[in-house]
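> Below is the sequence, then the predicted model.
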Amino acid sequence: MSMLMEDLQSKSILIVGAGVAGLSTSLHLARAGVQVTVLDYQPYSVNGYSPSDGCDAASADVNKIFRAQWLSNASSYIADGHEVHYQKLAFEARDVWVQWNQDLASTPWEELPEALSPKMTLFHECGFVRMPHHPDAPVTNFEKDGMKTLSKDQLAKHYILSSQEDKKRAKEAGLLDRLAAFRWEGDGVLDMTGGFTVADKACAYAQYLCTKAGVKFVFGAAGKVVELVKEDNKVVGVKTEDGQTHRADLVILACGGWTPSLLPEVCDRLETTAGSVVSVQLPPKEDRPDLWDKFSPEKSTVWTKGFNDAKAAPRASIYGFPRTEKGIIKIGYRGIKFTNFVDHPLAPGLRISYPKTKYTAQKESRVPLISMEVVKDTIKEILPDLAEYGKIVDTRLCWYCDSLDNNFLVDYVPQYGNTLAVVSGGSGHMFKQTRHGCLLRKDTEYTRLWKWPMPERESIPWVDKSNGLEQGELGPRVLRKVVMAEQPDWQ
């Protein structure tokens, strides 16, 4: 976002969306002395971003994967060559996550909102194991190429499971026990720079920091933005569901999967898509303390299977976490990113994909049957304890905002000059990147990578450059075309 700090400090800014993109952007702006107001229809100050209390944003989740190495070879191409921009940003963000753990632990309990306590851990450095789609498959060139860009210290925390030398290093470090929950004799990479964030608590902490920095929040109906207010080809504010108009010098849309529904101009480069999430409950702790210990963040690890392997799709791209404090193990599937097309609320004749959750007007708490089948097959294949003792207790769709090439879209919208900007296109990777201070810098590698319009696809050496967006409503990913899993399918 090519804007100078001195240009912003005299402006009032409205940010639409209090998820991770809106929180991070507002925090950096406020700390730089900018007047910021954030609007969101969710009562986050009351429910603390808890997904079990009505939150349906992608940021409002019990956990999110943190990984840095994967990004180095995924979405970091620009016209002038291969640069490891996302890897660099992720490792910078990792330092912030570690610092947040320390800062939260040293904050007096009485200063924190109800959703937080100093005893909480926001970032678990439990490691991250990446497995190919099949035990006979080797570590992919994708993985190997990504590891070439790591520093010596970062590379030392990576272990290739087929390497006897690496397995010896991992054993000496006491790390092989973290793989005890898995039945897997194949290759893979154990990445001890990775782990997971406790997403809902991290958002609640970020909101706490924003409030301390002077950010004003407007939640509920008073914060539900229904349209932009325009005058003379400029955006001068937003209108909310309660009929009020909120004026500002600059409006920033940072509302994830809801972004295309507020801005028709972005619909040719951003699309709202859903991953599938299945929750598996362990037996009560008093009955099976051994399983609670084995799957704990202290003894287990985040895992993925078959990611970035075209031969394995669509029955791959599955991931899971250690257990939560309630004994829930979350397993997600992104091999197929589903869509839900509706009429655009502001642009007659335009059809867009729109979130459909258990809390929206169009309610949906199920996941597609193919997602459930992949989850169950994976549990049977690599998680024998879950197959025997676990119980599926919940399903839901998690709605992201995908871009054409997986790069973020962070820039002014040209039609409206410097009065409207977008921070979106997370493509499932926005949460780990807490460092949006780069939005304040002029002409950096990030502003060039995230610019509007997106870089010409021909200049980006990606195998899949459309990310599925060109399929539209005629494609096979549309929810109304797929069979949904019912409760009997959970068994």
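All right, it came through fine.
> can you map out the strands along the stretch 201-350 of the chain?
For the stretch 201-350 of the chain, strands defined by DSSP state E, counting those that start in this stretch occupy the ranges 216-219, 225-231, 234-240, 245-247, 250-253, 270-281, 302-305, 318-320, 328-338, 341-343.
> Val483 is nearest to which of those strands?
Smallest distance to Val483 across the strands of the stretch 201-350 of the chain (Cβ to Cβ): 12.0 Å, for strand 328-338. (Each C-beta comes from the backbone N, C-alpha and C, glycine too.)
> tell me which strands and helices that closest one is in contact with?
When contacts are defined as 3 or more Cβ pairs under 8 Å, 6 or more residues apart in numbering; DSSP states H and E, strand 328-338 packs onto strand 270-281, strand 318-320, helix 369-382, strand 391-403.
> which one of the ones you listed is the most hemmed in?
Highest mean neighbour count among those (mean count of other Cβ atoms under 10 Å): strand 318-320, with a mean of 26.
> For it, what does the pLDDT average out to?
Averaged across strand 318-320, the pLDDT comes to 96.
> Check stretch 370-384 too.
Here stretch 370-384 scores 96 as its mean pLDDT.
> Put the alpha carbons of it into PDB.
Coordinates of each C-alpha in stretch 370-384 appear next as PDB, following Å, rounded to 0.1, in the frame of the first residue of the first chain:
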ATOM      1  CA  ILE A 370     -16.100 -36.100   0.200                       C
ATOM      2  CA  SER A 371     -14.500 -34.000   2.900                       C
ATOM      3  CA  MET A 372     -15.800 -36.400   5.600                       C
ATOM      4  CA  GLU A 373     -14.600 -39.400   3.700                       C
ATOM      5  CA  VAL A 374     -11.100 -38.000   3.400                       C
ATOM      6  CA  VAL A 375     -11.000 -37.200   7.100                       C
ATOM      7  CA  LYS A 376     -12.200 -40.600   8.100                       C
ATOM      8  CA  ASP A 377      -9.800 -42.400   5.700                       C
ATOM      9  CA  THR A 378      -6.900 -40.400   7.000                       C
ATOM     10  CA  ILE A 379      -7.800 -41.100  10.600                       C
ATOM     11  CA  LYS A 380      -7.900 -44.800   9.800                       C
ATOM     12  CA  GLU A 381      -4.600 -44.600   8.000                       C
ATOM     13  CA  ILE A 382      -2.400 -42.600  10.300                       C
ATOM     14  CA  LEU A 383      -4.200 -42.100  13.600                       C
ATOM     15  CA  PRO A 384      -5.100 -45.500  15.000                       C
END
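> Which helix in this structure has the most residues?
Ranked by residue count, the top helix of the chain under DSSP state H comes out as helix 85-105.
> And the spatially closest residue to Ser276 that is not a sequence neighbour, how close does it get to Gln491?
Nearest non-adjacent residue to Ser276, counting by Cβ to Cβ, 6 or more residues apart in numbering: Ser371, 3.5 Å away. According to Cβ to Cβ, to the nearest Å, Ser371 and Gln491 sit 16 Å apart.
> Then Gly428?
29 Å.
> Among these two, which residue is more densely surrounded?
Each of Gly428 and Gln491 has its neighbours counted (other Cβ atoms under 10 Å); Gly428 has more, 19 against 7.
> hang on, the more buried one in a helix?
No. Judged by DSSP: H, G, I helix; E, B strand; the rest coil, Gly428 forms no part of a helix; its state is coil.
> So for it, what pLDDT did the model give?
Gly428 is given a pLDDT of 77.
> wait, what's in contact with the nearest residue to it once chain neighbours are set aside?
Closest residue in space to Gly428, ignoring its immediate chain neighbours: Tyr400 at 5.0 Å, by Cβ to Cβ, 6+ apart. Residues near Tyr400 by Cβ atoms under 8 Å, 6 or more residues apart in numbering: 58, 256-257, 272-275, 337, 426-428.
> what about 10 Å?
58, 256-257, 271-275, 334, 337, 355, 425-430 (Cβ atoms under 10 Å, 6 or more residues apart in numbering).
> what's across from it in the sheet?
Counting by DSSP bridges, Tyr400 forms beta bridges with Thr273.
> This structure: helices as residue ranges?
Under DSSP H, the chain gives helices at 5-8, 20-31, 44-47, 85-105, 141-147, 152-155, 164-172, 199-213, 259-262, 289-294, 369-382, 384-389, 445-449.
> right, so of those helices, which gets closest to Gly349?
Smallest distance to Gly349 across the helices of the chain (Cβ to Cβ): 14.6 Å, for helix 259-262.
> Mind exporting the C-alpha coordinates of stretch 187-207 to PDB?
Provided in PDB are the C-alpha atoms of stretch 187-207 (Å, rounded to 0.1, in the frame of the first residue of the first chain):
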ATOM      1  CA  ASP A 187       8.900 -40.000   4.400                       C
ATOM      2  CA  GLY A 188       8.200 -36.500   5.600                       C
ATOM      3  CA  VAL A 189       9.700 -33.400   7.100                       C
ATOM      4  CA  LEU A 190       9.500 -32.500  10.800                       C
ATOM      5  CA  ASP A 191       9.700 -28.700  11.000                       C
ATOM      6  CA  MET A 192      10.400 -27.400  14.500                       C
ATOM      7  CA  THR A 193      10.100 -23.800  13.500                       C
ATOM      8  CA  GLY A 194       6.300 -24.500  13.100                       C
ATOM      9  CA  GLY A 195       3.400 -25.000  15.400                       C
ATOM     10  CA  PHE A 196       0.000 -23.400  15.900                       C
ATOM     11  CA  THR A 197      -1.600 -20.300  17.200                       C
ATOM     12  CA  VAL A 198      -4.700 -20.300  19.500                       C
ATOM     13  CA  ALA A 199      -6.500 -18.100  17.000                       C
ATOM     14  CA  ASP A 200      -9.500 -16.900  19.000                       C
ATOM     15  CA  LYS A 201      -7.400 -16.000  22.100                       C
ATOM     16  CA  ALA A 202      -4.800 -14.300  19.800                       C
ATOM     17  CA  CYS A 203      -7.500 -12.100  18.200                       C
ATOM     18  CA  ALA A 204      -8.800 -11.200  21.700                       C
ATOM     19  CA  TYR A 205      -5.300 -10.200  22.700                       C
ATOM     20  CA  ALA A 206      -4.700  -8.200  19.500                       C
ATOM     21  CA  GLN A 207      -8.000  -6.400  20.100                       C
END
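> Adjust the sequence numbering to begin at 39 for everything that follows.
Yes, from this point I'll number from 39; that puts the last item at stretch 225-245.
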